[in-house]
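Chemist: model the structure of this input:
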Amino acid sequence: MSTLYLEPFSGLSGDMLNALLLDLGADRKHLEEALKTISLDGYHLHVDRIAKSSIWGT
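Modeler: Below you'll find the predicted structure:
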């Protein structure tokens with residue numbers, strides 16, 4: 001088991017955190033199932049890995 005320490009001294013948004021975790025190998029299906037357990041309507045989860053100017057992102 002690995003440990004991840006975060007120190008978001010200037011803040012960290014939910015979309016940035018989810019992209020970070022998915023980049024590190026978190027299971028997308030697990031994230032989708034977890035989101036289904038909360039009463040949150042009207043969202044769409046789109047995951048894609050792209051590169052712009054040789055910089056990759058999720």
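
Chemist: tell me which residue is most central in the protein.
Modeler: Centroid-nearest residue in the chain, with Cα atoms, centre = their mean: N18, separated by 1.4 Å.

Chemist: list the contacts for the residue of the chain most remote from its centre?
Modeler: Relative to the mean C-alpha coordinate of the chain, counting by Cα atoms, centre = their mean, the farthest residue is S53 (21.6 Å). Applying Cβ atoms under 8 Å, 6 or more residues apart in numbering to S53 gives no contacts. To be clear about C-beta, it is placed using only N, CA and C from the backbone, and glycine gets the same treatment.

Chemist: that one and D41: what is the separation?
Modeler: 36 Å (Cβ to Cβ, to the nearest Å).

Chemist: and what of L24?
Modeler: As judged by Cβ to Cβ, L24 and D41 stand 28 Å apart.

Chemist: next: E32.
Modeler: 15 Å.

Chemist: more neighbours: L24 and D41, which one.
Modeler: Using other Cβ atoms under 10 Å, the more surrounded residue of L24 and D41 is L24, with 10 against 4.

Chemist: which SS class is G42?
Modeler: coil (DSSP: H, G, I helix; E, B strand; the rest coil).

Chemist: quick check: it vs L17, distance?
Modeler: 20 Å.

Chemist: for S54, same thing?
Modeler: 24 Å.

Chemist: once you drop chain neighbours, what's closest to I50?
Modeler: Closest residue to I50 apart from its sequence neighbours, by Cβ to Cβ, 6 or more residues apart in numbering: G57 at 6.2 Å.
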